[in-house]
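1. Pasting the sequence and the predicted coordinates here, then a few questions.
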Amino acid sequence: MTIIKIGIIGAGSAGLFAANELGKLVLRNAQISIFEQGPEIDKRHCPIKEEELACALCDPCRIMSGVGGAGCFSSGILNLNKNIGGHLGELCHDANLNADEIIQQIDDFFVQNGAPNKIFDPFEKAKKEKLRELRRKCASVDIRFVPVKQRLLGSQKTTEVITSIQKFLESNYNIEIIPNTKVTKFDDQRNLYFDGEKKENFDYLLIAPGRWGMVWLAQQCVKLGIKTFYEPLDIGVRVEVPAIIMEDVCHIQRDPKFHILSHTYNDFIRTFCVNHKGYVIKETYDEKIAGVNGHQLTTEGKSENSNFAFLIRQQLTSPLQDTTEYGKSISKQTSILGGYKPLIQTLGDLRRGHRSRKSLIDRNPVQPTLKDATPGDIAMAYPYRFVKDIIEGLEILEKVIPGVSNNSTLLYAPEFKRSAKRVDTNSFLESNKLKNIFFAGDGAGESRGIIGAAVTGIIAAHGIINKINCK
Ligand SMILES: Cc1cc2nc3c(=O)[nH]c(=O)nc-3n(C[C@H](O)[C@H](O)[C@H](O)COP(=O)(O)OP(=O)(O)OC[C@H]3O[C@@H](n4cnc5c(N)ncnc54)[C@H](O)[C@@H]3O)c2cc1C
């Protein structure tokens, strides 16, 4: 029996779920090697201990790289809906797969591996009236509310679940997860290169390096003549309010998704990654850029505040299409003003054109969960258009969530979701240029989120399986 060798780059959601699908369907005649640049799961330590939250400094390498990928220390919100996290419905349709069934299968696998049984379902009978009322309120002020069934792992549980998934894959299939192994390049003959010019050849490659590896992947694509396309930029602020303000909407949906169009610029704004009773955390990127994110340790949440990303989507056209470069330059400017820390400002000060000062933040009714941020003026760093969008967007949202645009609402910047460049692939995510090389997940611009990345990993796995079966 000839053994088919499959090499996967990245042990994140895309890589792990692709491997599971390949393991199930190809069974014994395949050897699947997953190369992961970061450490094994038990060597990854969440830098955020509860008692240190006030001054959490997140090393992005530990957060975003290692077995489990970027999802490992995330709040672990699983959005069980094909309309969230990428164009999952379309991608599955093009690959002749049923998106709803695949999402169900992914969710079942998470539960089998220890995810909490509890599901947050806005459609459940007891919430029917509340959901109807929320939808009515949203519709009356031109907000689109997207009801989504969600499962929340909580950051503490996520690592246990990933550990169990890894054990399952390694003990049931010919799958080997190789940590601390950076792939330095791949070529058109499906060779993977490692440090010290060591190389290994594979029959099929799946490249799933996540956001941590997206710049590297884009560079590899240029070298190999693989076309890539820019995706829109998501930039905005992290909003922090008293948890009680968010209580009603978070009761209906744990991570409520509101889509808004700003009045002046008609820009698309959305709420993302709502951490009810959670914490704002600091992230540091390359070139000393400090950013913010949100975090939730347990399903119940412990903090007195809730936070969410409030993101403006911006597509750029010629002459500058590079949304990452544009977003980075805004984030850099914001970090410089904050002394390489994120900026914090009250919405009241942003409205009035005042810089927030420490003395004011100390007296503010809403106290920040992230202490390591510099009181400042976001308007000094962000383009006028985005400042206007943020103020207008929160004032529209106020009509559905009273109190969200209070003067005391805290805003942190930069909140910037880098988009990877989308790789040119066919419907099974195989390169249109190089045969038997597949791409999946956030790093290839195919998804935005744990479930989305897993779905694309499964699509690519089906592409590989189809090719094996046709041989
Ligand atoms: C703080 C935070 C909170 C988040 N919260 C949520 C949430 O609640 N819900 C949600 O759905 N999503 C959340 N996300 C996003 C989610 O984690 C990602 O969408 C998802 O992990 C993407 O999966 P992926 O497999 O594409 O990539 P990743 O999970 O990023 O995995 C890619 C892996 O590839 C490795 N790699 C990169 N380059 C190489 C190389 N050259 N050689 C070897 N290995 C390489 C990386 O080290 C990484 O471990 C969050 C992200 C962060 C950072």
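-> Noted; the coordinates are in hand.

2. C-alpha only now, for contacts and for neighbours.
-> Noted.

3. Give me the buried stretch members for the longest helix along the chain, please.
-> Ranked by residue count and defined by DSSP state H, the top helix of the chain is helix 450-470. Residues 450-464 are the ones in helix 450-470 that count as buried (16 or more other C-alpha atoms under 10 Å).

4. what's that helix packed up against?
-> Judged by 3 or more C-alpha pairs under 8 Å, 6 or more residues apart in numbering; DSSP states H and E, helix 450-470 is in contact with helix 13-26, strand 77-79, helix 88-94, helix 99-112, strand 437-439.

5. Please find the angle between the direction vectors of the fourth one and helix 450-470.
-> So that's helix 99-112. Relative orientation of helix 99-112 versus helix 450-470 (axes from the mean of the first three to the mean of the last three C-alpha atoms, to 10 degrees): 110 degrees.

6. hang on, the earlier thing: filter the buried residues of helix 450-470 down to the ones near the ligand?
-> Counting by C-alpha under 6 Å from any ligand atom, 450-451, 453 from those sit close to the ligand.

7. of the residues you listed, closest to the ligand?
-> Ile450 (3.8 Å; C-alpha to the nearest ligand atom).

8. Apart from its chain neighbours, what residue comes closest to that closest one?
-> Nearest residue to Ile450, sequence neighbours excluded (C-alpha to C-alpha, 6 or more residues apart in numbering): Ser13, at 5.9 Å.

9. Please tell me how far the one you found sits from Lys328.
-> 25 Å (C-alpha to C-alpha, to the nearest Å).

10. and those two? which has more neighbours close in?
-> Neighbour tally, Ser13 and Lys328, criterion other C-alpha atoms under 10 Å: the higher count belongs to Ser13, 30 against 20.

11. Show me the shaky parts of this structure.
-> 27, 45-63, 71, 73-75, 285-287, 297-301 (pLDDT under 70).

12. Got the domain ranges for it?
-> Taking automatic domain parsing as the criterion, the chain consists of the domains 4-46+73-116+155-229+421-470, 233-417.

13. So what's the gap between the shortest one and the chain middle?
-> Going back to what we said before, that points to domain 233-417. Computed by C-alpha atoms, centre = their mean, to the nearest Å, the chain-centroid distance of domain 233-417 equals 16 Å.

14. first to last residue in that domain, what's the distance?
-> Span of domain 233-417 from end to end, C-alpha to C-alpha: 7 Å.

15. do you know how far the residue nearest to Ile450 is from Ala413?
-> Distance from Ser13 to Ala413, by C-alpha to C-alpha: 28 Å.

16. Residues of the stretch 51-200 of the chain that sit close to the ligand?
-> 64-67, 69-71, 74-78, 181-184.

17. excluding its backbone neighbours, what's nearest Gly443?
-> Nearest residue to Gly443, sequence neighbours excluded (C-alpha to C-alpha, 6+ apart): Gly210, at 3.8 Å.

18. Look at that neighbour and say how many residues are nearby.
-> Neighbour tally, Gly210, other C-alpha under 10 Å: 32.

19. Contact partners for it?
-> 10, 12, 69-70, 441-444 (C-alpha atoms under 8 Å, 6 or more residues apart in numbering).

20. which SS state does Pro368 fall under?
-> The three-state label given to Pro368 by DSSP: H, G, I helix; E, B strand; the rest coil is coil.

21. so it makes contact with Leu410?
-> Yes - if you go by C-alpha atoms under 8 Å, Pro368 and Leu410 touch, sitting 7.3 Å apart.

22. Tell me the backbone dihedrals of Leu316, please.
-> Here is the backbone geometry of Leu316 (degrees, to the nearest 10): phi -110, psi 150.

23. and what of Ala309?
-> phi -80, psi 140.

24. How about it: what's its closest non-neighbour residue?
-> Arg238 (4.4 Å).

25. Could you verify that that neighbour is part of a strand?
-> Yes - assignment of Arg238 by three-state DSSP places it within a strand.

26. I'd like the distance between the closest residue to Tyr173 other than its chain neighbours and Glu36.
-> Once flanking residues are discounted, Tyr173 sits nearest to Gly23: 5.4 Å by C-alpha to C-alpha, 6+ apart. Going from Gly23 to Glu36 by C-alpha to C-alpha gives 18 Å.

27. how about the residues of the stretch 301-450 of the chain near the ligand?
-> Counting by C-alpha under 6 Å from any ligand atom, the stretch 301-450 of the chain sits next to the ligand at 441-443, 448-450.

28. What residue, apart from its backbone neighbours, is nearest Ile269 spatially?
-> Per C-alpha to C-alpha, 6+ apart, closest to Ile269 is Ile312, 4.4 Å.

29. Tell me which helix or strand comes right after the particular helix or strand that has that neighbour in it.
-> Using DSSP states H and E, Ile312 falls within strand 305-314. Using DSSP H and E, the helix or strand that follows strand 305-314 towards the C-terminus is helix 323-337.

30. buried set for that following helix?
-> Within helix 323-337, the residues scored as buried using 16+ other C-alpha under 10 Å are 323-324, 327-328, 330-337.

31. Report the angle between that helix and strand 305-314.
-> Using the same axes, to 10 degrees: helix 323-337 against strand 305-314 is 130 degrees.

32. Which strands border the next helix or strand after helix 323-337, and is each parallel or antiparallel?
-> Once the chain leaves helix 323-337, the next helix or strand it forms, by DSSP H and E, is strand 343-346. Strand 343-346 pairs in its sheet with strand 374-375 (parallel), strand 410-417 (antiparallel), by DSSP bridges.

33. and the buried residues of helix 323-337 as CSV, adding distance to Glu170?
-> Formatted as CSV, these follow (distance: C-alpha to C-alpha, whole Å):
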residue, distance to Glu170
Thr323, 39
Thr324, 36
Gly327, 39
Lys328, 39
Ile330, 43
Ser331, 40
Lys332, 42
Gln333, 45
Thr334, 44
Ser335, 42
Ile336, 45
Leu337, 48
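
34. Tell me which two of those sit farthest apart.
-> Distances among these were taken as C-alpha to C-alpha; the most separated pair is Thr323 and Leu337, at 21.4 Å.

35. what number of residues lie near the closest residue in space to Ala454 that isn't next to it in sequence?
-> Sequence neighbours aside, Ala14 is the residue nearest to Ala454 in space, at 4.4 Å (criterion: C-alpha to C-alpha, 6+ apart). Using other C-alpha under 10 Å, Ala14 has 37 neighbouring residues.

36. how near is Ala14 to Gly348?
-> For Ala14, the distance to Gly348 - C-alpha to C-alpha - is 42 Å.

37. now swap in Asp42 and tell me
-> Distance, Asp42 to Gly348, by C-alpha to C-alpha: 44 Å.

38. More neighbours: which of the two?
-> Gly348 (18 against 11).

39. Let me know the helix or strand that the more buried one is in.
-> Assigned by DSSP H and E, Gly348 belongs to helix 347-352.
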